[in-house]
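**Student:** My questions are about this predicted structure, shown below with the sequence.
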Amino acid sequence: MDLYTRSLRSPIGSLRLVVRDDGAVVRIHLPGEQPREDARRDDGRCDELARQLDQYFAGRRRRFDLRLLPSGTEFQLAAWRALSEIPFGETRSYQQQARLLGRPSATRAVGAANGRNPLPIVVPCHRVIGKDGSLTGFGGGLACKQWLLAHEAAVLAGHDRAAAHA
């Protein structure tokens with residue numbers, strides 16, 4: 001399968017979107033991440049992903065409706081499915097996520113799986129925090145994670161944070 005890519009300007013910086021030729025989303029690179037895929041530039045195939053991300057950043061989308069094809073181990077895929085169940089604007093601890101997976105002692109493994117999430121924002125690993133409520137690792141950095149959580153809180157409170165910072 002061929003891969004296609006485009007960049008998307010966002011309030012957290014430039015994202016690099018990667019989809020297959022059939023439109024399935026395989027990767028979203030956060031600002032500062034180096035793309036690992038050999039992909040051709042083709043804005044048309046990435047348009048739906050870009051549109052939904054734009055809506056999210058504008059405060060008009062809380063859930064994504066995309067065909068996702070992340071690549072990972074069976075455990076990683078299960079961890080990423082669990083991330084997708086965390087409601088918009090809410091957080092869970094790594095320990096809570098491990099319990100949901102039926103592996104209550106696998107907190108570190110959950111953290112490692114989340115750290116390899118190839119679809120940040122769409123598969124919301126930013127919604128996982130330390131059990132004491134502290135912000136912990138995120139591929140885009142803690143400031144980015146904090147922005148995403150504050151954005152979702154502002155949307156829930158009826159404010160369009162992205163527009164206020166544009």
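**Tutor:** Arrived safely, thanks for sending. Numbering: from 1, shown residues only.
**Student:** Not counting sequence-adjacent ones, nearest residue to residue 149?
**Tutor:** residue 126 (6.3 Å; CB to CB, 6 or more residues apart in numbering). Just so you know, the C-beta spots here come from the backbone N, C-alpha and C atoms, and that holds for glycine as well.
**Student:** Now the phi/psi pair for that neighbour, please.
**Tutor:** Per-residue torsions, residue 126: phi -70, psi -20 (degrees, to the nearest 10).
**Student:** Touching, it and residue 138? I think so.
**Tutor:** Yes - if you go by CB atoms under 8 Å, residue 126 and residue 138 touch, sitting 5.9 Å apart.
**Student:** Just want to know which of these two has more residues nearby.
**Tutor:** Using other CB atoms under 10 Å, the more surrounded residue of residue 126 and residue 138 is residue 126, with 28 against 22.
**Student:** how is the protein carved up into domains?
**Tutor:** The record's domain split for the chain, according to automatic domain parsing, is 3-57, 74-162.
**Student:** Save the ones you listed as JSON lines, and put in mean pLDDT and distance to residue 63 too.
**Tutor:** Shown next, in JSON lines, are the domains of the chain (pLDDT from 0 to 100; distance: least, CB to CB, whole Å):
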{"stretch": "domain 3-57", "mean pLDDT": "91", "distance to residue 63": "9"}
{"stretch": "domain 74-162", "mean pLDDT": "89", "distance to residue 63": "7"}
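**Student:** can you redo those as a markdown table with distance to residue 65?
**Tutor:** Formatted as a markdown table, the domains of the chain follow (distance: least, CB to CB, whole Å):
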| stretch | distance to residue 65 |
| --- | --- |
| domain 3-57 | 7 |
| domain 74-162 | 10 |
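**Student:** Next, the residue in the chain sticking out farthest from the centre: secondary structure please.
**Tutor:** Distance from the centre of the chain peaks at residue 105, with 24.4 Å (CA atoms, centre = their mean). Assigned by DSSP: H, G, I helix; E, B strand; the rest coil, the conformation of residue 105 is coil.
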